[in-house]
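Asker: Generate a structure from the sequence data that follows.
(2 chains)
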Amino acid sequence: MTETTLLAIGTKKGLWLATSKDGRRSWDVSGPHHPMHAVYAVAIDTRHPGPRLFVDTSSEWFGPSLHTSDDLGASWQEQQAIKFPEDTDGALTRVWQFAPGPPDDPDLVYAGTEPSAVFKSTDGGKSFELLRGLWDHPHRENWFPGFGGQAVHTLLPHPTDKQRVMVAMSTGGVYVTEDGGETWNPSNKGIRADFMPEDEQFPEYGQCVHKVAWHPAKPDRLFAQNHGTVYRSEDSGASWQSIGDGLPTEFGFPIVVHPHRPEVIYCFPVSTELRCPPNGECAVYRSSDAGNTWEALRTGLPDDFWAAVMRDAMCTDGASPAGVYFGARNGAVYASADDGDSWQQIAAHLPDVLCVRAAVV
Amino acid sequence: MRLAEAATLGDVLDEIEGQYPELGKRLRDEQAVLRRYVNFYVDGEECRRLGGAQTPLVEGAEVQIIPSVAGG
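Answerer: All right, here's what the predicted structure looks like:
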């Protein structure tokens, strides 16, 4: 029997779900689910039968809500709201990231939020608790919102060490806890803040890190798409080195790692000035040697493509060969079923795509 | 809705929150701040031109809650 692949597409005005039952050759697209709600964060938690979908829906009028579905979006259950405690001055704008914990702890889920904070659930997402160590961090007053808002947009719970979680925010940069969230230390050594004065471009924190990714089998090696270029760390984030040489422009938002080959990574460079692919030539860039060299993947991708891909709007599925997906702010969604070698458009004219997630279900 | 004497708009919203928490959170955030694009009229006057959530209510007061026309 052919596997079913699910692609969840979060947009500024709702969620669309694309399914393929023929080896990712054709796709049925349904939606909008949660119309007129911005979907910045969606997760497909394959640790649960179903699997369980998590989606944050935020309304310009009525604020954010958390919904889950265990039947591939046929029905949705509104869960208890993620709330800042009364004694904080915080109020949730929206969730930017859901991060299921390791497979051996299926009820552990993290949420990264705007304003910048991390919440933890130990009951499969029914309730979430603020990790106060990051909220009370003395650096917090110096974190400033990037254009998109002040949010924890990246959450990487370590696959084996439950005490260790890495987060990233724009601005603020990368922080790591090694004691389950009690204390957090900045982890930005070597990352340039090129929007700062020349002699202050390597601060301890305050960088505009757009996205960080790793492969669960090799969590000591990290990749970051920063505001200025792309970086790699070989020491769990203690230090970072630029790997931007070979890209047409070093600005971009997403970075993802191949599901089975930890040395293969993908990004979507956009020009600093236009925030679009250089010359409008839509291209995913792939490195097969952990960022030492890059190649443009353009087969099936259009010219005259004047839109950016947001930080969470590129992903892979768990299949082999890997499916790679991205959606753009012009509402176009592309899929590759062959590790990125060739692409097909599977949706067009959707609202701005904010996030995509895919899995074999 | 029956309220204590010297009730305010905030007391009405507390009552709604108690009875219908999923509605309540759509009207105010967790710090009880009125959502920006939801308008609350007390006897025909938008409460932000009065005392906000502290706007006092008289016996028989009419409260209307209307999402504003916004966005695009």
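
Asker: Contact residues of chain A facing chain B?
Answerer: By Cβ under 8 Å from any Cβ of the partner chain, the residues of chain A that approach chain B are A:36, A:59-63, A:65, A:78, A:81, A:83-84, A:86, A:89-92. Where C-beta positions appear, they are placed from N, C-alpha and C, glycine not excepted.

Asker: For these, which single residue is the most surrounded?
Answerer: Of all the residues of chain A next to chain B, the highest neighbour tally under other Cβ atoms under 10 Å in any protein chain shown goes to A:L92, namely 27 neighbours.

Asker: Give me the pLDDT value at that residue.
Answerer: The score at A:L92 is 97. That number is its pLDDT.

Asker: Ramachandran angles for it?
Answerer: phi -70, psi 120 (degrees, to the nearest 10).

Asker: With A:A348 instead?
Answerer: phi -150, psi 160.

Asker: Quick check: the gap between it and A:L108.
Answerer: Noted for A:A348: a distance of 37 Å to A:L108, by Cβ to Cβ, to the nearest Å.

Asker: neighbour count winner among the two?
Answerer: A side-by-side neighbour count of A:A348 and A:L108, using other Cβ under 10 Å, places A:L108 first with 19 against 11.

Asker: show me what contacts the residue lying closest to that one once chain neighbours are set aside?
Answerer: Distances taken as Cβ to Cβ, 6 or more residues apart in numbering or on different chains place A:G101 nearest to A:L108, at 3.1 Å, with adjacent residues excluded. Contacts for A:G101 (Cβ atoms under 8 Å, 6 or more residues apart in numbering or on different chains) come out as A:108-110, A:157, A:162.

Asker: what's the answer for A:R132, then?
Answerer: A:R132 neighbours (Cβ under 8 Å, 6+ apart): A:G181.

Asker: Likewise for B:D29?
Answerer: Residues near B:D29 by Cβ under 8 Å, 6+ apart: A:63, A:91-92, B:35.

Asker: Specify the beta-bridge partners of the residue in the stretch 101-250 of chain A that chain B sits nearest to.
Answerer: Of all residues in the stretch 101-250 of chain A, A:L130 sits closest to chain B, with a separation of 10.9 Å (Cβ to the nearest Cβ). A:L130 has these beta-bridge partners by DSSP bridges: A:F119.

Asker: Could you verify my assumption that it touches A:F119?
Answerer: Yes - the pair A:L130 / A:F119 is scored as a contact, 5.6 Å apart, by Cβ atoms under 8 Å.

Asker: Show me the helices in the chain, by range?
Answerer: No chain specified, so I'll use chain A. Taking DSSP state H as the test, the helices found in chain A are A:132-135.

Asker: Chain B, not that one
Answerer: Under DSSP H, chain B gives helices at B:9-19, B:21-27.

Asker: Check whether the shortest one comes into contact with chain A.
Answerer: I take that to be helix B:21-27. Yes - using Cβ under 8 Å from any Cβ, helix B:21-27 comes into contact with chain A via B:22, B:25-27.

Asker: Where is pLDDT lowest across these?
Answerer: B:E22 (92).

Asker: A:R221 contacts A:S233, correct?
Answerer: Yes - with contact defined as Cβ under 8 Å, A:R221 counts as touching A:S233 (6.9 Å).

Asker: picking up where we left off before, can you report how many residues lie near the residue of the stretch 101-250 of chain A closest to chain B?
Answerer: Per other Cβ under 10 Å, the neighbour tally for A:L130 reads 22.

Asker: follow-up on the earlier one: more neighbours: A:R221 and A:S233, which one.
Answerer: A:S233 (22 against 19).

Asker: How about that one, nearest residue that isn't a chain neighbour?
Answerer: In space, A:S233 is closest to A:L222, 4.4 Å off (Cβ to Cβ, 6+ apart).

Asker: Which strand residues bridge the one you found?
Answerer: Beta bridges link A:L222 to A:W214, A:S233, judged by DSSP bridges.

Asker: per-residue pLDDT, it?
Answerer: 98.

Asker: Determine the number of other residues adjacent to it.
Answerer: Using other Cβ under 10 Å, A:L222 has 26 neighbouring residues.

Asker: which ones are touching it?
Answerer: A:156, A:166, A:212-214, A:232-233, A:236-237, A:240.

Asker: How about the contacts made by the residue lying closest to A:G291 once chain neighbours are set aside?
Answerer: Excluding the flanking residues, the one nearest A:G291 by Cβ to Cβ, 6+ apart is A:I243, at 3.1 Å. A:I243 makes contact with A:223, A:229-232, A:287, A:290-292, according to Cβ under 8 Å, 6+ apart.

Asker: Just the buried residues from those residues, in PyMOL please.
Answerer: To isolate the buried members of these in PyMOL, using 16 or more other Cβ atoms under 10 Å in any protein chain shown:
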select buried, chain A and resi 223+229+230+231+232+287+290+291
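
Asker: any idea which of the contacts of A:I243 is closest to A:S187?
Answerer: In terms of Cβ to Cβ, no member of the contacts of A:I243 lies closer to A:S187 than A:Y231, at 11.4 Å.

Asker: What parts of chain B come near chain A?
Answerer: So chain B meets chain A at B:22, B:25-27, B:29-31, B:33, B:35, B:37-38, B:67-68, B:70-71 (Cβ under 8 Å from any Cβ).

Asker: and these, which of them are in strands?
Answerer: Residues of the residues of chain B next to chain A located in strands (DSSP state E): B:38, B:67.

Asker: Tell me the bridge partners for A:C315.
Answerer: Beta-bridge partners, per DSSP bridges, of A:C315: A:Y325.

Asker: what's the pLDDT at the spatially closest residue to B:E15 that is not a sequence neighbour?
Answerer: Spatial nearest neighbour of B:E15, excluding adjacent residues (Cβ to Cβ, 6+ apart): B:M1 at 5.9 Å. Per-residue pLDDT puts B:M1 at 87.

Asker: repeat for A:F98
Answerer: pLDDT recorded at A:F98 is 98.

Asker: Can you get me a residue count around it?
Answerer: A:F98: 26 neighbours (other Cβ under 10 Å).
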